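K.L.:
only geometry, no sequence info:
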């Protein structure tokens, strides 16, 4: 509000108000209101309204005229959200572009001031002023207008920050489908329906206000199932515990009940953190927590944070919210940086999929800090720890005693002496959670296939060419490498690593040989991949994969070696196409086709999840089902992770893609089968299905339990389809190990004194080991100077003296001449992280090998960020070559980045 125009309040008073407004608009307004309350001049209120209207405060005029401020109050959550993300969103806004779409929300004077600030001080300052104007806006639609403006200006990153629940909406309890006349009588909002087994379904029923008939409880009190009460009992009593219960029993709902109890028990003091292992699981759990508490008690403040939310303070979230859902690495980073000084700020930590609390996992990093505090100080006030998992069958073991030992180590890591399972109410649990019947389909392998024979002949020719170039047998110790195997892939990795440090007297000869060997092995890798695809899918899928690879080779501008290798493929392609089109079928696919046809013939309502090992195979299976007349009606959905590219021309899925696929599978008959990789076996809620197919998909005991648990419907079945007898035997062994784990848990539960003493002993021993490692002096970094050579062709790239480290993790080159030795191309997925905006890919100008990316940072353009694994390092004194896979492994000192080193003269813009 512009306080100087409101009404006649005296010249001296006006001067004082205007002076205060320069430092605090709110205080100035309060001064104005206090002076206005003393006015007795007739018509002063109408004059106030008229001046507000003339000054474009139309929303405030409306509210004062009707004396209804409810619309302002409804915007409080939007204001809170925008204030919280202000440090992040202002980095991604372009005020001058946005202003053309926001004239209905911002006043003319505000628009002029924002333009002036951006012109004078830059876009971030202009964005900050725009945010402050919006936070004071009296327009009811300002949040929607901001969203639409960001969308029209294609400012995607800023728009995503306005979507705390993943759906672009801030949850408001009043927006839920509730009967407000009865909501005050609801004591607990847990209600369960017997036709839904997923956590999501359980929570949806919790938000439904239609009550089942209950006796002796006024208004219809809702209760946890008895087995869920049993699972929550130890945690409700304040004990650290591992809650171990099957997939689909509602462990998330148990976690919500534990949180509710904890918040009531420590009113005003409770600080709860719920940790997830992956971003997609975080998204799911964050949404469930928000939905539940917005219905149950909107006064409980729930928020979330994952790696995509740059610039948000973890400490601020913990201090200002009751429950924070986050990925574990976020908390690890906050602890490492000192932003969160201690875990003692928290009162309860819940770890989803807690069986991961081992080794170097972020969960174990957090718990190591916890245990160090506990074992070092006698006056600590550490949080309660509750772990959730479907199985504690971690690590390698062959007997019950070894299984016990592994479980005790997990208990020690989580500082718990209580393992909570369902023992008293097993019958009720079994009535809700159905263990699928397990069957094995041992399928014969392909007989001699001409397609496979041609591929192997090409590979043999390439190996001979490589051997003629250099004795490749001396570059790797791996023997007995069969074509089409993982061992062959390991051999390729070993050879390429040796090539990086292969040295000769003639540098040009060294470059020629290393580049040729890299090309030979890279082509061998793709043929090996094609054989692996042929083993599990169709030959046409393998041919499509090779076609895609050679298209990339041609587009990249190949050299003489690659031209010769491409001719090998081109000369055989017509014959390969004929064999792929008319050749023999894969016996495993024939078996899978028979199973699906039989299942859907006997029950057209069958819902199937098909697990496969790789993204490439997931794509191939979808194509096969779509191309098979008797199966095309299944219209498969595909669920894969969001990581790097797979071995084919497909990339990972975004979180929105994953949500869309899951929602389609849940809510309609359009997709009758879901093809999934390992992303779906842990944490993600997949709706109830009655058929789980494991296509050459075998892991450890925990994976087996999780995958099997996807079949939640009554009379569901789980089939393993494999042509590998060893894989089938491993799954049978997993079933035997599961029984060992159950026996081990029962035995440990019966001996609480023994489990307590062993956990104490393990914790002390682990502490001694950690202290010994910490006391060992770090190996000092040498001051040596190195040349960074391209890992493929050995072309000089830059000097180690010109490297600088940004934020302890990003390594840039402050030598502008590097652009003479590289080429760039647009990045397919531009992204901003840690204040760094990646824009282009950085490639070797000689051989097009991937060197890293080009970024902007702190308004400095065109900074090269290098990948150390793409380079060979040559000591400038000894000429010895070495290779590092990770920057943390380098043995030489790298200076921290100092912005004063960058000047317009030393770092001009590229032409």
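P.N.:
Nice, I can see it. As the structure is a prediction and not an experimental result, all values here were calculated from the model.

K.L.:
Mind listing what's buried along stretch 231-250?
P.N.:
By neighbour count with 16 or more other CB atoms under 10 Å, stretch 231-250 contains the buried residues 231-236, 240-250. To be clear about C-beta, it is placed using only N, CA and C from the backbone, and glycine gets the same treatment.

K.L.:
Show me how the chain divides into domains.
P.N.:
10-38, 69-162, 226-432, 450-560, 586-722, 786-901 (the TED database).

K.L.:
how about those in a markdown table, adding distance to residue 734?
P.N.:
Shown next, in a markdown table, are the domains of the chain (distance: least, CB to CB, whole Å):
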| stretch | distance to residue 734 |
| --- | --- |
| domain 10-38 | 63 |
| domain 69-162 | 40 |
| domain 226-432 | 8 |
| domain 450-560 | 20 |
| domain 586-722 | 4 |
| domain 786-901 | 32 |
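
K.L.:
Any idea which of these has the lowest pLDDT on average?
P.N.:
Confidence, taken as mean pLDDT, is least for domain 10-38 of the domains of the chain (a mean of 68).

K.L.:
between the domains of the chain, which gets nearest to residue 442?
P.N.:
Nearest to residue 442, of all these, is domain 586-722, at 6.8 Å by CB to CB.

K.L.:
picking up where we left off before, select, out of the domains of the chain, the one closest to residue 761.
P.N.:
Nearest to residue 761, of the domains of the chain and by CB to CB, is domain 226-432 at 8.4 Å.

K.L.:
what about the closest one, distance to the chain center?
P.N.:
Centre-to-centre, domain 226-432 and its host chain are 18 Å apart (CA atoms, centre = their mean, to the nearest Å).

K.L.:
Name the single longest strand found in this structure.
P.N.:
strand 822-833 (DSSP state E).

K.L.:
Need the contact partners of the very next helix or strand once past it.
P.N.:
The element immediately downstream of strand 822-833 (helix or strand, assigned by DSSP states H and E) is strand 836-844. Applying CB atoms under 8 Å, 6 or more residues apart in numbering, the external contacts of strand 836-844 come out as 790, 792-793, 795, 797, 806, 810, 821-827, 830-832, 849-857, 864-866.

K.L.:
Which PyMOL command selects the buried ones in those?
P.N.:
Here is the PyMOL selection string for the buried members of those, based on 16+ other CB under 10 Å:
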select buried, resi 790+792+793+795+797+806+810+821+822+824+827+832+849+851+852+853+854+855+857+864+865+866
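
K.L.:
could you check the distance from residue 418 over to residue 274?
P.N.:
19 Å (CB to CB, to the nearest Å).

K.L.:
For those two, work out which one has more neighbours and name it.
P.N.:
residue 274 (26 against 19; other CB atoms under 10 Å).

K.L.:
Let me know the secondary structure of the more buried one.
P.N.:
strand (DSSP: H, G, I helix; E, B strand; the rest coil).

K.L.:
List the beta-bridge partners for it.
P.N.:
residue 325, residue 350 (DSSP bridges).

K.L.:
That one and residue 352 touch, don't they?
P.N.:
Yes: counting by CB atoms under 8 Å, residue 274 does reach residue 352; the two are 7.0 Å apart.

K.L.:
where's residue 402, which helix or strand?
P.N.:
Here residue 402 is assigned to helix 400-413, by DSSP H and E.

K.L.:
can you pull the buried residues of that helix?
P.N.:
So helix 400-413, judged by 16+ other CB under 10 Å, has buried residues 400, 403, 404, 406, 407, 408, 409, 410, 411, 412, 413.

K.L.:
Residue 492: how many residues sit nearby?
P.N.:
18.

K.L.:
Secondary structure element holding it?
P.N.:
helix 486-500.

K.L.:
Give me the contact list for that helix.
P.N.:
Contacts for helix 486-500 (CB under 8 Å, 6+ apart): 472, 475-478, 480-482, 514, 517-518, 521, 524-525, 528, 791, 872, 881, 883.

K.L.:
just checking, what packs against the helix holding residue 402?
P.N.:
helix 362-376, helix 725-749, helix 752-775 (3 or more CB pairs under 8 Å, 6 or more residues apart in numbering; DSSP states H and E).

K.L.:
Find the centremost residue of this protein, please.
P.N.:
residue 279 (2.7 Å; CA atoms, centre = their mean).

K.L.:
what about residue 765, how many residues close to it?
P.N.:
If we define neighbours as other CB under 10 Å, then residue 765 has 11 of them.

K.L.:
how much space between it and residue 378?
P.N.:
In this view, residue 765 and residue 378 are 20 Å apart by CB to CB.

K.L.:
Equivalent analysis for residue 388, please.
P.N.:
In terms of CB to CB, residue 388 sits 30 Å off from residue 378.

K.L.:
likewise residue 64?
P.N.:
From residue 64 over to residue 378 (counting by CB to CB), the distance is 60 Å.

K.L.:
Looking only at neighbour counts, state which of the two leads.
P.N.:
Applying other CB under 10 Å to residue 64 and residue 378 shows that residue 64 carries more neighbours, namely 15 against 6.

K.L.:
Doesn't the more buried one belong to a helix?
P.N.:
Yes: counting by three-state DSSP, one finds residue 64 located in a helix.

K.L.:
just to revisit the earlier point, quickly run through the sheet partners of the longest strand of the chain, with directions.
P.N.:
Partners of strand 822-833 in its sheet, by DSSP bridges: strand 836-844 (antiparallel).

K.L.:
Let me see the ranges of the helices in the stretch 51-200 of the chain.
P.N.:
Secondary structure of the stretch 51-200 of the chain by DSSP state H, counting those that start in this stretch: the helices cover 58-66, 70-74, 76-89, 95-99, 108-121, 123-135, 142-152, 156-161, 180-183, 199-206.

K.L.:
can I get those in JSON lines with distance to residue 44?
P.N.:
Shown next, in JSON lines, are the helices of the stretch 51-200 of the chain (distance: least, CB to CB, whole Å):
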{"stretch": "helix 58-66", "distance to residue 44": "13"}
{"stretch": "helix 70-74", "distance to residue 44": "23"}
{"stretch": "helix 76-89", "distance to residue 44": "29"}
{"stretch": "helix 95-99", "distance to residue 44": "35"}
{"stretch": "helix 108-121", "distance to residue 44": "24"}
{"stretch": "helix 123-135", "distance to residue 44": "28"}
{"stretch": "helix 142-152", "distance to residue 44": "29"}
{"stretch": "helix 156-161", "distance to residue 44": "42"}
{"stretch": "helix 180-183", "distance to residue 44": "39"}
{"stretch": "helix 199-206", "distance to residue 44": "52"}
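
K.L.:
looking at these, which is closest to residue 507?
P.N.:
helix 156-161 (44.6 Å).

K.L.:
Is the closest residue to residue 826 other than its chain neighbours bridged to anything, and to what?
P.N.:
Closest residue to residue 826 apart from its sequence neighbours, by CB to CB, 6 or more residues apart in numbering: residue 840 at 5.9 Å. On the basis of DSSP bridges, residue 840 is bridged to residue 826, residue 854.

K.L.:
how close does residue 840 sit to residue 830?
P.N.:
Residue 840 is 9 Å from residue 830, by CB to CB.

K.L.:
Count the residues that sit near residue 381.
P.N.:
Neighbour count of residue 381, defined by other CB under 10 Å: 12.

K.L.:
circling back to that earlier point, residues contacting the longest strand of the chain, please?
P.N.:
91-92, 157, 310, 797, 837-845, 848, 851, 853-854, 864.

K.L.:
do that again at 6 Å, thanks
P.N.:
Around strand 822-833, the neighbours that count as contacts under CB atoms under 6 Å, 6 or more residues apart in numbering are 838, 839, 840, 841, 842, 843, 845, 854.

K.L.:
And for stretch 533-550?
P.N.:
Against stretch 533-550 from outside (CB under 6 Å, 6+ apart): 451, 526, 530, 566, 569, 576, 580, 583, 617, 620, 624, 648-649, 696.

K.L.:
Stretch 429-443 too?
P.N.:
Here stretch 429-443 makes contact (CB under 6 Å, 6+ apart) with 227, 246, 248-249, 422, 587-588, 591, 708, 711, 714, 716-721, 723, 728.
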